[in-house]
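A.B. asks: model this:
(one chain, ligands or ions: 1)
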Amino acid sequence: MRLPQSLLLLAVAGSGARASSDKTARPRGVAPEFAKYYQDSETFTCISNPSVQIPFSAVNDDFCDCPDGSDEPGTSACSHLSRNSPLSVADRLGNNEGEIVAALPGFYCKNKGHRPSFVPFQRVNDGICDYEQCCDGSDEWARVGGTKCEDRCKEIGKQWRKQEEQRQKSITAALKKKKALLVDAGRQQQEIEDHIIRLEAEVKGAEVKVEALEAELKSVEDAERKVVRSSGKGKGKVNALAGIAKARVDELRDALLEVRQQRDETQSRLKELEDILSKFKIEYNPNFNDEGVKRAVRSWEDYAAREVTEGTNQARDRDLDEIAKADDESSGINWEHWENEEDGCNDADLVYKLAAYLPPSLVEFIEDKVISLRSFLESSGILAKPDGDSPSESKAVTQARDALKSQEDTLRDLKNKLRDQRADLEKQYGPAGIFRALKGQCISKDAGEYTYEHCFLEDTKQISKKGGSSTSMGKFTRISSTVVEELNEAGEIVAIEKIAIEYDRGQHCWNGPNRSTKVVLECGEENEILKTAEDEKCVYSMLVTTPAVCPGGEEDGNAPRSKDEL
Ligand code: MAN
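C.D. replies: Coordinates of the predicted model:
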């Protein structure tokens, strides 16, 4: 059910035509509130033009004497004067300078048994019964052409009261729903305000943590730099490390030479033994039935039959010869280069990448040594432990950096949330923020080949009934107030302010604009699309009822505290 947008207007129209306790007789067509202008039985003073006075007998003489038509309240003699806007009496009494406007709203019908009303002067004695405004038929008092309009106020009044009762019920129900919407909107707004307070505290906390973690990272980095520096004893860090590495490699080379020497001695003893046993096998007497000797000879034969991997040993020997040479005789490490390396780059980096500078033939061997050297340096605290991702950074630094990064991410997220929540409070949600409660609620209506959908404060869509994808008719842009002209109950054209929700930037229209929709809202018990129209190509309008725009309801303290956004 569509309900009047403004109860106030209705009240004005009603009170303007209400019967009063006025006991003095009024000329035909005069409403009680205008009776005071017709009390002098000798002279009549035109209402809006007091300088014009006429004998009282000229009132309702079917001749228009007054510029404002006030001398003809009961005839159509002054019906040429316009009177379209629902002005107050003060407005009618000359505030519209220069414009000649009828002083009276129309012919007053008492409509006993129903509600009094005004009928436009053009319709007085026009031979047509205007029962909508004049149910008592008094507008046709002259019986022009024999027209006799019977009084139908009793039945029309009864029907009206029934409808009115229904309408009032509907208004009450709509207001109840509106109040619920206001409560919901207020709760949602409160939640956002509370969330903002929480987020502000969380942001502060996160900022403090970030500061602490920044300090922590700095101190870990400083400590690490000191560890590397302290091993340099005044020299460059690389030089210091190169010195340690050279000593360690020399140590390992000496150990290798010693082990090779021991191996060669053992091998020569083994050869001697094998020769003895070979001779023994040739020279022993098999006829001498000694089981122990026979067993020993068989074991020797098995041993001698086993293959010796001579080639591999020779290759390894060549490698070992190469390694055993001093660095300055071979293509080994150029320690001089490292010992004279200029500082200015990341020393730890260079140490970790040491293997990359070694000659290819030695890489495998030296890599093992470098790893053991590195772990020796790390375990003895000379070198900080490296991290898996960044070979130039220790685990401690990486952990401190990661902790800082993760806290910075948290802080950024919190700040984004806070910004969004604050922006939401600034957004338009209509009078008293009521549309907050409707945001995202969708209603639809079939019309022709499409189903039209309106999701409050989100978008409008055109969905083909034949299937396929839907067409966007616009995304939420603003809430506006729009003035529309309507006929009021007295048959007058009145300008009424209506709230509209505008949706722009919809799907592009071939050879036209991007689709857009203006949703004009009316007071109603339900959220419902009454009609949709394509006013111009791809420019749509929708008429939607909702309790949210019914007048009243805010006064019970339901409305959110924020300012009206419109
Ligand atoms: C579709 C619909 C219509 C629109 C035309 C424009 O058919 O969106 O509303 O007028 O496209 O081409």
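A.B. asks: CA atoms for contacts and neighbours, from now on please.
C.D. replies: OK.
A.B. asks: Now for residue 199: which residues touch it?
C.D. replies: 414-415, 417-418 (CA atoms under 8 Å, 6 or more residues apart in numbering).
A.B. asks: wait, isn't residue 526 in contact with residue 176?
C.D. replies: No: if you go by CA atoms under 8 Å, residue 526 and residue 176 don't touch, sitting 11.5 Å apart.
A.B. asks: beta partners for residue 495?
C.D. replies: Beta bridges link residue 495 to residue 485 when assigned by DSSP bridges.
A.B. asks: can you check residue 394 too?
C.D. replies: Under the criterion used (DSSP bridges), residue 394 bridges to residue 386.
A.B. asks: where do the helices sit along the stretch 101-250 of the chain?
C.D. replies: Under the criterion DSSP state H, counting those that start in this stretch, the stretch 101-250 of the chain contains helices at 153-230, 237-283.
A.B. asks: Can you check which of those gets nearest to the ligand?
C.D. replies: The ligand lies closest to helix 153-230 among the helices of the stretch 101-250 of the chain, at 32.4 Å (CA to the nearest ligand atom).
A.B. asks: average pLDDT for that closest one?
C.D. replies: Averaging pLDDT along helix 153-230 gives 94.
A.B. asks: Taking helix 237-283 as reference, get the angle to it.
C.D. replies: Inter-element angle recorded for helix 153-230 and helix 237-283: 70 degrees (by axes from the mean of the first three to the mean of the last three CA atoms, to 10 degrees).
A.B. asks: what bits of this protein have low per-residue confidence?
C.D. replies: Confidence mapping of the chain against pLDDT under 70 gives the ranges 1-24, 84-99, 227-238, 309-312, 327-332, 337-371, 379-392, 489-492, 556-566.
A.B. asks: what about the residue nearest the centre of the chain, which helix or strand?
C.D. replies: With distances taken as CA atoms, centre = their mean, the residue of the chain nearest its centroid is residue 420 (7.3 Å). Using DSSP states H and E, residue 420 maps to helix 395-426.
A.B. asks: Would you mark the buried spots in that helix?
C.D. replies: Within helix 395-426, the residues that qualify as buried are 395-398, 400-401, 403-404, 407-408, 410-411, 414-415, 417-418, 421, 425, counting by 16 or more other CA atoms under 10 Å.
A.B. asks: Turn the contacts of residue 199 into a markdown table, including distance to residue 487.
C.D. replies: As requested, these are exported to a markdown table (distance: CA to CA, whole Å):
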| residue | distance to residue 487 |
| --- | --- |
| 414 | 54 |
| 415 | 52 |
| 417 | 49 |
| 418 | 48 |
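A.B. asks: winner for burial among the helices of the stretch 101-250 of the chain?
C.D. replies: helix 153-230 (a mean of 17; mean count of other CA atoms under 10 Å).
A.B. asks: The ligand contacts on this protein?
C.D. replies: Applying CA under 6 Å from any ligand atom, we find that the chain lies next to the ligand at 509-510, 537-538.
A.B. asks: May I ask which of those residues has the most neighbours?
C.D. replies: Among these, residue 538 has the most neighbours (other CA atoms under 10 Å), with 20 neighbours.
A.B. asks: I'd say that residue and residue 511 touch.
C.D. replies: No: using CA under 8 Å, residue 538 makes no contact with residue 511, being 10.1 Å away.
A.B. asks: on contacts alone, who are the packing partners of the helix holding residue 420?
C.D. replies: Here helix 395-426 touches helix 153-230, going by 3 or more CA pairs under 8 Å, 6 or more residues apart in numbering; DSSP states H and E.
A.B. asks: where's residue 81 relative to residue 58, distance?
C.D. replies: Using CA to CA, to the nearest Å, residue 81 is found at 18 Å from residue 58.
A.B. asks: again, but for residue 326
C.D. replies: Taking CA to CA, one finds residue 326 at 140 Å from residue 58.
A.B. asks: is it true that residue 521 touches residue 543?
C.D. replies: Yes: if you go by CA under 8 Å, residue 521 and residue 543 touch, sitting 6.1 Å apart.
A.B. asks: which of these two has more neighbours?
C.D. replies: Here residue 521 and residue 543 are compared on neighbour count by other CA under 10 Å; more neighbours surround residue 521, at 26 against 16.
A.B. asks: Residue 63 in helix, strand or coil?
C.D. replies: Classification of residue 63 using DSSP: H, G, I helix; E, B strand; the rest coil returns coil.
A.B. asks: residues contacting it?
C.D. replies: For residue 63, counting by CA under 8 Å, 6+ apart, the contacting residues are 72, 77-78.
A.B. asks: phi, psi of residue 285?
C.D. replies: Dihedral pair for residue 285: phi -100, psi 110, per degrees, to the nearest 10.
A.B. asks: circling back: past the helix holding residue 420, which element shows up next along the chain?
C.D. replies: Taking DSSP H and E, what comes next after helix 395-426 is strand 442-447.
A.B. asks: so what strands line up beside that following strand?
C.D. replies: Sheet partners by DSSP bridges: for strand 442-447, these are strand 450-455 (antiparallel).
A.B. asks: who's in contact with the partner strand?
C.D. replies: 439-446, 460-465, 529, 532.
A.B. asks: How far off centre is the next helix-or-strand element following it?
C.D. replies: As assigned by DSSP H and E, the chain's next helix or strand after strand 450-455 is strand 459-464. Chain-centre distance of strand 459-464: 21 Å, with CA atoms, centre = their mean, to the nearest Å.
A.B. asks: Could you do stretch 406-415 as well?
C.D. replies: The answer for stretch 406-415 is 19 Å, by CA atoms, centre = their mean.
A.B. asks: How about residues contacting that stretch?
C.D. replies: So stretch 406-415 is contacted by 199, 202-203, 206-207, 209-210 (CA under 8 Å, 6+ apart).
A.B. asks: Next, residue 289: secondary structure please.
C.D. replies: Taken by three-state DSSP, the conformation at residue 289 corresponds to coil.
A.B. asks: I'd like the distance between it and the ligand.
C.D. replies: If you measure residue 289 against the ligand using CA to the nearest ligand atom, to the nearest Å, the figure is 116 Å.
A.B. asks: ditto for residue 321
C.D. replies: When residue 321 is compared with the ligand (using CA to the nearest ligand atom), they lie 87 Å apart.
A.B. asks: Can I have the buried ones of the contacts of strand 450-455 as a ChimeraX selection?
C.D. replies: Restricted to buried positions by 16+ other CA under 10 Å, the ChimeraX selection for these reads:
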select :442,444,445,446,460,461,462,463,464,529,532
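A.B. asks: Tell me which two of the contacts of strand 450-455 sit farthest apart.
C.D. replies: The most widely separated members of those, counting by CA to CA, are 439 and 465 (25.5 Å).
A.B. asks: Following the chain past the host helix or strand of residue 501, name the next helix or strand.
C.D. replies: Using DSSP H and E, residue 501 falls within strand 493-504. For strand 493-504, the succeeding helix or strand toward the C-terminus, using DSSP H and E, is strand 516-523.
A.B. asks: Name every strand pairing with that next one and say which way it goes.
C.D. replies: Sheet pairing for strand 516-523, using DSSP bridges, gives strand 493-504 (antiparallel), strand 539-546 (parallel).
A.B. asks: now that strand and strand 459-464, what's the angle there?
C.D. replies: 110 degrees.
A.B. asks: Start the count at 364 instead of 1 going forward.
C.D. replies: Okay, using 364 as the starting number, the last item reads as strand 879-886.
A.B. asks: which other helices and strands contact the next helix-or-strand element following strand 879-886?
C.D. replies: Next along the chain after strand 879-886, taking DSSP H and E as the criterion, comes strand 891-899. Contacts defined by 3+ CA pairs under 8 Å, 6+ apart place strand 891-899 against strand 805-810, strand 902-909.
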